[in-house]
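Peer 1: Provided below for reference: sequence and predicted model.
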2 protein chains.
Amino acid sequence: MNHILVISSNDLETYQDLFKNIDLSQATAHFSDGSDAELAKRCNIWFGSPSLIAPLLAQGIVPEWIQSTWAGVEPLLQAEMPTSYTLTNMRGIFNRLIAEYAVGHIFSHELNVKSHLSSHAEKRWNPITPRLVKGKTAGILGVGEIGGEIARLCKAVGMNVWGYTRSSTDCEAVDRYFHGDQLGECVAGVDYLISIMPNTAASTNLLNKDVFTKMKPAALLINAGRGTAIVDDDLLWALRSREIGGAVLDVFRQEPLPPDSRFWDEPNLLVTSHTAAPTLPADAVHVFAENYERFAAGDPLKFVVDFARGY
Amino acid sequence: MNHILVISSNDLETYQDLFKNIDLSQATAHFSDGSDAELAKRCNIWFGSPSLIAPLLAQGIVPEWIQSTWAGVEPLLQAEMPTSYTLTNMRGIFNRLIAEYAVGHIFSHELNVKSHLSSHAEKRWNPITPRLVKGKTAGILGVGEIGGEIARLCKAVGMNVWGYTRSSTDCEAVDRYFHGDQLGECVAGVDYLISIMPNTAASTNLLNKDVFTKMKPAALLINAGRGTAIVDDDLLWALRSREIGGAVLDVFRQEPLPPDSRFWDEPNLLVTSHTAAPTLPADAVHVFAENYERFAAGDPLKFVVDFARGY
């Protein structure tokens, strides 16, 4: 008999409703905000956000399987954390959201939406010339499932698509691949640099002064991966010295971004408050239900995290 | 021997440079801001903006052929104006620009770009949930060359595409066509209503209270055609009474929009100052050069305006 612990702070009622509609033969679902360690001990499957799960793991309580409701699982990968269980992360449900986030902000940039909003607020007629997205080049850092979806949407709206990856070269929407020490060559040719890299040793501080100086002066950086990829001071320097044209950032080293962050003061930087890819409970339960079916049947789970690789 | 008068107020030097690079066998090009009536009389071909050309026509000076640099030629279609010449308007060069304008503002709306810009200005973390463009329905009023390009781009980003036309049904990207008295049925089902209608008797005041009350309460109206299609008071009423969700307007009955227009005060309305489809001189000269080749060869011109139809 499996016992599933659904852990959520804000959406518990929503999850209770959603779990009524899925088939949990051979299992009982329990619902908690994560504070009930005794209940956690009795459950061999946990489903919830890494931030609420980490304190339980840190107490030495370890289930058989954890299904994260987030894509990023950093809180569960700290040095002292147990790895004697199967960890699966959330995937698939974010692909389209992040692709639309990237492409939408590209359109918004070429159409001068920010300037039009400012002019409107001043009741000022402002006939500034738009530019076309078609023909521009997007460089995607990390072309897995999410990056592939971004690549396809960029291609669909007429962009050239470049991809920088560890080794993969199998996305048909990528016109040109770059690997290893070719990052500089890649960033030098793009109008939009889109990072969706998870937080790993390889991605940490990858976007630094050296990279920014190689970018086109009008290029826009979009980060919908993890904030650790960016050296914050280097980005601020690059924006102020016009090494790059602007940045749209969804993720940060500290979230929420503190009110005294210098990012808020940059005129060519937009903070979007980690909204690119929210986990909608219905989507998350759908992924869990599919994976639970595999678990119950003894089949290999989908989206298993490699503890060494970090994603 | 043909004499071509290039009429422009701001871009005369640019046009002089561009005309050096086109083949004008059997013709001499002259350049004017439109104030030289004697020069106009000696030229059988005029190339320029309708606003500068109209005063010359009103004086009774009529060339053989006028190539407008605008798509809309209303100033030349007033009741007392001569029609004993061939009028061609500008086409083709606007299609992609207007398509990106429409689709770009759709993305901007679903991504809450305006809210994120406001929150950023207040240094406020604001995790509002984005919505997807994919699966939304766009209704295009007028599916000619420009509407067809909008339809294809909407389709490329995953939207359902409806079209309301006089009679045409030949755009492969339109999922469903509406005609005649089916306007109400069309607007009732769309999330985005995109007007690119020229200023004609049929389009004037077409977007009125009756239409707005049939629209979805969250629907966004995008007008990149002509301002005369909208009954301004009815739109203001519809926005205030939440009959529709918002409007992005590029064109107005009076341009520039006067500072005392009530449009500036509407929180869910954005004025974009007639920027959706600027005429870039290089593109305009390219269209002229192609048409001049036909003129010189005695072939039928492209983009001839039907004076009765108005476009």
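Peer 2: Thanks, I have the structure now. Just so you know, these numbers come straight off a predicted model, no measurement behind them. Residues are numbered from 1 along each chain as shown, chains lettered A, B, ... in the order given.
Peer 1: tell me how many other residues surround the residue of the stretch 201-311 of chain A found nearest chain B.
Peer 2: In the stretch 201-311 of chain A, the residue found nearest to chain B is residue A:256; the distance is 3.6 Å by CB to the nearest CB. No exception for glycine: its C-beta is placed from N, CA and C like everyone else's. In terms of burial, residue A:256 registers 14 neighbours under the definition other CB atoms under 10 Å in any protein chain shown.
Peer 1: isn't residue A:247 up against residue A:236?
Peer 2: No. Contact between residue A:247 and residue A:236 fails when scored by CB atoms under 8 Å: they sit 9.6 Å apart.
Peer 1: higher neighbour count, the two?
Peer 2: residue A:247 (24 against 18).
Peer 1: overlap in contacts of residue A:247 and residue A:236?
Peer 2: Both residue A:247 and residue A:236 are in contact with residue A:266, where contact means CB atoms under 8 Å, 6 or more residues apart in numbering or on different chains.
Peer 1: which SS class is the residue of the stretch 201-311 of chain A closest to chain B?
Peer 2: What DSSP: H, G, I helix; E, B strand; the rest coil gives for residue A:256 is coil.
Peer 1: for it, give its distance to residue B:91.
Peer 2: For residue A:256, the distance to residue B:91 (CB to CB, to the nearest Å) stands at 50 Å.
Peer 1: could I get the pLDDT score of residue A:311?
Peer 2: Among the per-residue scores, residue A:311 shows a pLDDT of 82.
Peer 1: same thing with residue A:57?
Peer 2: pLDDT, residue A:57: 96.
Peer 1: around it, how many other residues sit close by?
Peer 2: By other CB under 10 Å, the residues close to residue A:57 number 23.
Peer 1: wait, it sits on residue A:83?
Peer 2: No. With contacts defined as CB under 8 Å, residue A:57 does not count as touching residue A:83, sitting 9.8 Å away.
Peer 1: residue A:138 falls within a helix, correct?
Peer 2: No. According to three-state DSSP, the state of residue A:138 is strand, so it is not within a helix.
Peer 1: is it true that it touches residue A:162?
Peer 2: Yes. Residue A:138 is in contact with residue A:162 according to CB under 8 Å; the separation is 7.0 Å.
Peer 1: give me the common contacts of these two.
Peer 2: Counting by CB under 8 Å, 6+ apart, the common neighbours of residue A:138 and residue A:162 are residue A:190.
Peer 1: what about the two, which has more around it?
Peer 2: It is residue A:138, of residue A:138 and residue A:162, that has more neighbours when counted by other CB under 10 Å, with 28 against 25.
Peer 1: residue contacts, that one?
Peer 2: Counting by CB under 8 Å, 6+ apart, residue A:138 makes contact with A:102, A:106, A:150-151, A:154, A:159-162, A:190-192, A:194.
Peer 1: for it, give the beta-bridge partners.
Peer 2: In this entry, residue A:138 is beta-bridged to residue A:161, residue A:192, by DSSP bridges.
Peer 1: and it, what pLDDT?
Peer 2: Confidence score, pLDDT, at residue A:138: 98.
Peer 1: swap in residue A:201?
Peer 2: For residue A:201, the pLDDT comes out at 90.
Peer 1: which residue, other than its chain neighbours, is closest to it?
Peer 2: Of all residues beyond its chain neighbours, the one nearest residue A:201 is residue A:310 (7.3 Å), with distances taken as CB to CB, 6 or more residues apart in numbering or on different chains.
Peer 1: and that neighbour, how far from residue B:152?
Peer 2: Counting by CB to CB, the separation of residue A:310 from residue B:152 is 41 Å.
Peer 1: do residue A:202 as well
Peer 2: Taking CB to CB as the measure, residue A:202 and residue B:152 are separated by 39 Å.
Peer 1: and if you look at residue A:19?
Peer 2: With the distance defined as CB to CB, residue A:19 ends up 42 Å from residue B:152.
Peer 1: go ahead and confirm residue A:301 touches residue A:292.
Peer 2: No. Proximity of residue A:301 to residue A:292 does not meet the contact threshold set by CB under 8 Å, at 9.1 Å.
Peer 1: of these two, who's got more company?
Peer 2: Neighbours of residue A:301 and residue A:292, each counted by other CB under 10 Å, are more numerous for residue A:292; the result is 24 against 15.
Peer 1: what sits against the more buried one?
Peer 2: Residues touching residue A:292, when contacts are defined by CB under 8 Å, 6+ apart, comprise A:4, A:22, A:24, A:27, A:45, A:67.
Peer 1: which one of those residues is nearest to chain B?
Peer 2: Set against chain B, the nearest of those by CB to the nearest CB is residue A:67 (21.7 Å).
Peer 1: looks to me like the closest one is in a strand.
Peer 2: Yes. If the criterion is three-state DSSP, then residue A:67 is within a strand.
Peer 1: list the contacts for it?
Peer 2: Contacts were defined as CB under 8 Å, 6+ apart; by that measure residue A:67 touches A:45-47, A:88, A:90, A:287-288, A:291-292.
Peer 1: any idea how far residue B:150 is from it?
Peer 2: If you measure residue A:67 against residue B:150 using CB to CB, the figure is 42 Å.
Peer 1: now swap in residue A:297 and tell me
Peer 2: With the distance defined as CB to CB, residue A:297 ends up 48 Å from residue B:150.
Peer 1: domains for chain A, by residue range?
Peer 2: For chain A, the structural domains run A:2-93+A:279-297, A:95-271, going by automatic domain parsing.
Peer 1: most tightly packed of those domains?
Peer 2: Each of the domains of chain A was assessed for mean neighbour count using mean count of other CB atoms under 10 Å in any protein chain shown. The highest is domain A:95-271, with a mean of 19.
Peer 1: all strands of chain A, in order?
Peer 2: A:2-7, A:27-32, A:45-48, A:65-68, A:86-88, A:137-141, A:160-165, A:176-179, A:192-195, A:220-223, A:246-249, A:269-271 (DSSP state E).
Peer 1: quick check: mean pLDDT of the last one?
Peer 2: Rounded to a whole number, the mean pLDDT of strand A:269-271 is 98.
Peer 1: again, but for the third one
Peer 2: Strand A:45-48 shows a mean pLDDT of 98 in the predicted model.
Peer 1: before we move on, what about the fourth one?
Peer 2: When pLDDT is averaged along strand A:65-68, the result is 98.
Peer 1: and the helices in chain A?
Peer 2: When assigned using DSSP state H, the helices of chain A occupy the ranges A:12-20, A:37-42, A:50-58, A:95-110, A:113-121, A:145-156, A:183-188, A:209-214, A:232-240, A:281-297.
Peer 1: contacts for the second one next, please.
Peer 2: So that's helix A:37-42. Applying CB under 8 Å, 6+ apart, the set of residues contacting helix A:37-42 from outside is A:3, A:5, A:30, A:32, A:34, A:46, A:56, A:59, A:61, A:63.
Peer 1: next one: stretch A:177-192
Peer 2: Contact partners of stretch A:177-192, identified using CB under 8 Å, 6+ apart, comprise A:102, A:106, A:136-139, A:143, A:159, A:162-167, A:169, A:193, A:206, A:210-211, A:214-216, A:218-222.
Peer 1: many thanks, we can stop here.
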